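**Student:** would you be able to build a 3D model of this:
(2 chains)
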2 protein chains.
Amino acid sequence: MKISELSDRSGLPVQTIKYYIREGLLPKGAATAATRAEYAEEHLERLRLIRALREVGDLPVASVKRIIGAVDDEAVGLHELLGTAAYTLSPAAEPRPEDPDWRSAREDVDAIVAELGWQVSTDAPTRDLLAQAFLALRRLGRPIVWTDLRPYIEAATIIAEHEIGGIPVEGERGQAVQTAVATNVLYEKVLLALRRMAQENVSARRFGDGAEDR
Amino acid sequence: MKISELSDRSGLPVQTIKYYIREGLLPKGAATAATRAEYAEEHLERLRLIRALREVGDLPVASVKRIIGAVDDEAVGLHELLGTAAYTLSPAAEPRPEDPDWRSAREDVDAIVAELGWQVSTDAPTRDLLAQAFLALRRLGRPIVWTDLRPYIEAATIIAEHEIGGIPVEGERGQAVQTAVATNVLYEKVLLALRRMAQENVSARRFGDGAEDR
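**Tutor:** Take a look at the predicted model:
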């Protein structure tokens, strides 16, 4: 297809497509004349992935480039590829190792991960994210206890089994990353909205007019 | 206690405490002299709630005032009080009823809530939040299907039962709101971090070196 059709089908302006080619995010089309190139379905597929990372993941071009590089590098295994995408898409929490309270919270996190036997990298940004939340809870006078954590661990496991279980081992690698974007950004919003809805529902049953417990 | 002790114990500057009194967030102390007032434990408790709403919930003074007003008004039932706090703490999603795609997503949300039999107010902000996520997923070529939603509903229910179940029916109302803040803001971060950790763990088991499925 011509670049105009690629633009129509991807929903991206021709200028943007040319910019992505210059930045090395998208391979050049096959030259058919001095100023003409032919693009294939793979180009469209790649543009959809770039668009998902840019618009849904809200990532800068440099981060998109790093993820695309991992997609194209067959030496990068699927677990590592998903990790690259997930770490890039993760909100950051600044580690503060000079703060003893922060260190203690981070040690709690490490102890919990070890206790669960989860395979989570020592430098995973999620460890710092969790430590940050633990620290804030302690400062609010609500230090984390194991019984409070249990339901969240159970819920996280149910969701992750479903999410990762849905990625085919032998599928197209770009598709796996697109799934990771949808999962980490959009299904995260789905989860948060549903949890708040479920809270309202349980609160209505427990505390509302004509509550069951009364 | 004197205002200086109230300041020490709450961790808030005297100026801030006086500001909250002027704004009507905190009742005046009992006057013991023309320029002196005595403060009680209730003042300290109230300051902790205000601080949680301001710092953890990141709420403007006007929103804190509305929630405090509901805490103090015994005519407001516990379910309504928790709803006031939760709605104020909820991220906002602008409804876009003029967009047919948005309307269709919102109709999907309403159908799902009805199907689940959940008691969620028609004007709950969570309905618009969920509609927004549904719309974004459809635009990414991944419209929501019931089987994909199931694990999230299950997880949300496990968590909400634990969270709302932990609030005593006959407890101090300010405490219930403080729990809601901790739950909606900080445990939300706990949940998101744990879910991303669980993803990494399941990915390692499925796709990593020495994966179980190989």
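**Student:** what about A:Asp99, distance to A:Asp58?
**Tutor:** The span separating A:Asp99 from A:Asp58 equals 29 Å under the rule Cβ to Cβ, to the nearest Å. C-beta coordinates here come from the backbone N, C-alpha and C atoms, glycine included.
**Student:** does A:Glu23 touch A:Pro60 like I think?
**Tutor:** No - applying Cβ atoms under 8 Å, one finds A:Glu23 not in contact with A:Pro60, separated by 11.1 Å.
**Student:** dump the residue contacts of A:Gln119.
**Tutor:** B:Glu200, B:Asn201, B:Ala204, B:Arg205, B:Gly208 (Cβ atoms under 8 Å, 6 or more residues apart in numbering or on different chains).
**Student:** will you turn the residues you listed into CSV that also has distance to A:Arg106?
**Tutor:** CSV is the format used below for the contacts of A:Gln119 (distance: Cβ to Cβ, whole Å):
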residue, distance to A:Arg106
B:Glu200, 17
B:Asn201, 18
B:Ala204, 21
B:Arg205, 24
B:Gly208, 24
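**Student:** between A:Glu23 and A:Pro60, which has more neighbouring residues?
**Tutor:** Set A:Glu23 next to A:Pro60 and count neighbours by other Cβ atoms under 10 Å in any protein chain shown: A:Glu23 wins out with 14 against 11.
**Student:** what is the burial count for the nearest residue to that one once chain neighbours are set aside?
**Tutor:** Take A:Glu23 and drop its neighbours on the chain: the residue closest to it by Cβ to Cβ, 6 or more residues apart in numbering or on different chains is A:Val61, 5.8 Å away. Taking other Cβ under 10 Å as the criterion, the count of residues near A:Val61 is 15.
**Student:** got the contact list for the residue sitting nearest the centre point of chain A?
**Tutor:** Among the residues of chain A, A:Asn184 comes closest to the average C-alpha position under Cα atoms, centre = their mean, at 3.1 Å. With contacts defined as Cβ under 8 Å, 6+ apart, A:Asn184 is in contact with A:Gly57, A:Ala85, A:Ala86, A:Leu89, A:Ser90, B:Arg196, B:Gln199.
**Student:** then A:Ser10?
**Tutor:** By Cβ under 8 Å, 6+ apart, the contact set of A:Ser10 is A:Ile17, A:Leu44, A:Leu47, A:Arg48, A:Arg51.
**Student:** same deal with A:Pro143?
**Tutor:** With Cβ under 8 Å, 6+ apart as the criterion, the residues that contact A:Pro143 are A:Phe134, A:Leu137.
**Student:** rerun that using 6 Å as the cut-off
**Tutor:** Residues touching A:Pro143, when contacts are defined by Cβ atoms under 6 Å, 6 or more residues apart in numbering or on different chains, are absent altogether.
**Student:** what about it, which SS state?
**Tutor:** With DSSP: H, G, I helix; E, B strand; the rest coil as the basis, the three-state label of A:Pro143 is coil.
**Student:** rewinding a little: how close does the residue nearest to the centre of chain A sit to A:Ala30?
**Tutor:** Counting by Cβ to Cβ, the separation of A:Asn184 from A:Ala30 is 34 Å.
**Student:** over to A:Lys65?
**Tutor:** For A:Lys65, the distance to A:Ala30 under the criterion Cβ to Cβ works out to 22 Å.
**Student:** who has more neighbours out of those two?
**Tutor:** Ranked by neighbour count (other Cβ under 10 Å), A:Lys65 and A:Ala30 place A:Lys65 first, with 17 against 10.
**Student:** please identify the helix or strand for that one.
**Tutor:** For A:Lys65, the element it lies in under DSSP states H and E is helix A:61-72.
**Student:** quick check: end-to-end length of stretch A:45-59?
**Tutor:** 18 Å (Cα to Cα, to the nearest Å).
**Student:** show me what counts as buried in it.
**Tutor:** Residues of stretch A:45-59 classed as buried by neighbour count (16 or more other Cβ atoms under 10 Å in any protein chain shown): A:Arg46, A:Leu47, A:Arg48, A:Leu49, A:Ile50, A:Arg51, A:Ala52, A:Leu53, A:Arg54, A:Val56, A:Gly57, A:Leu59.
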